[in-house]
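Asker: Following is a predicted model, sequence given first.
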Amino acid sequence: MKNIAIYPGSFDPITYGHLDIIKRAIKIFDKVIVAVAHNSEKDPLFNVSERVELLKKVTRGIKGVEIDDFQGLVVDYVKSKKSKVVIRGLRMISDFEFEFQMALTNRKLSKDVETIFMMPSEAYSYLSSKLIKEAASLGANLKGFVPAFVEKAIKAKL
Ligand code: ADP
């Protein structure tokens, strides 16, 4: 049986930090489904299908990675994909409290689903979609944070 992991999130938009986690996860799972959550962002820059398209473009060529979107509870989605694993990225201590809370809530909702935390390369440990959007709105060059076509897509929105 295939070992499948789900990497859920907003991905508004994907950054090199997310990509780093995806590449680490696919080394230990047969399949990684990167799943864009509906309604997780109050005021997103990209709608869900745009985020899915950007993710597909960035991960093209990485064998075993699939892109999807989902509504409702993460644990229900995980089970619907015959998986037992949620992957989340941990950057700084500041991520810890929220991630810890969410992992334990998901465990309460389903005992069969485990959350696995992965740390990105330190080069990306400060990167967030939110900060990148803010920096872009102030005219920053996003090279090194996101691929060129993602930067172009962000700037086209601003
Ligand atoms: P959220 O799901 O909290 O809205 P994101 O969509 O931005 O957040 O990120 C999805 C997951 O990827 C979260 O676990 C988040 O901590 C992680 N993540 C985001 N940016 C990075 C990064 N630069 N390095 C490692 N993990 C990251």
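Answerer: Yep, it's here.
Asker: where's residue 8 relative to residue 148, distance?
Answerer: Separation of residue 8 from residue 148 (C-beta to C-beta, to the nearest Å): 26 Å. Backbone N, C-alpha and C define where each C-beta goes, glycine included.
Asker: and these two? which has more neighbours close in?
Answerer: residue 8 (22 against 9; other C-beta atoms under 10 Å).
Asker: From the rest of the structure, what touches the longest helix along the chain?
Answerer: Assignment by DSSP state H gives helix 93-109 as the longest helix of the chain. Helix 93-109 is contacted by residues 73-75, 86, 88-90, 113-115, 117 when judged by C-beta atoms under 8 Å, 6 or more residues apart in numbering.
Asker: Of these, which pair is most distant in space?
Answerer: When C-beta to C-beta is used, the two most widely separated members of the contacts of helix 93-109 are 73 and 90, lying 21.5 Å apart.
Asker: who's in contact with stretch 64-77?
Answerer: 6, 8, 22, 26, 29-39, 48-49, 51-52, 55-56, 59, 86, 106, 109-110, 113.
Asker: With only the CA atoms kept, save that stretch in CSV.
Answerer: Output in CSV follows, covering the C-alpha atoms of stretch 64-77 (Å, rounded to 0.1, in the frame of the first residue of the first chain):
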residue,chain,number,x,y,z
GLY,A,64,4.8,11.7,-6.6
VAL,A,65,3.5,15.2,-5.8
GLU,A,66,-0.2,16.0,-6.5
ILE,A,67,-2.1,19.3,-6.1
ASP,A,68,-5.7,19.4,-4.9
ASP,A,69,-8.1,21.6,-3.0
PHE,A,70,-10.5,20.7,-0.3
GLN,A,71,-13.4,22.0,1.8
GLY,A,72,-14.2,21.1,5.4
LEU,A,73,-12.1,19.4,8.0
VAL,A,74,-8.5,18.4,7.2
VAL,A,75,-8.9,15.1,9.0
ASP,A,76,-11.9,14.2,6.8
TYR,A,77,-10.0,15.1,3.7
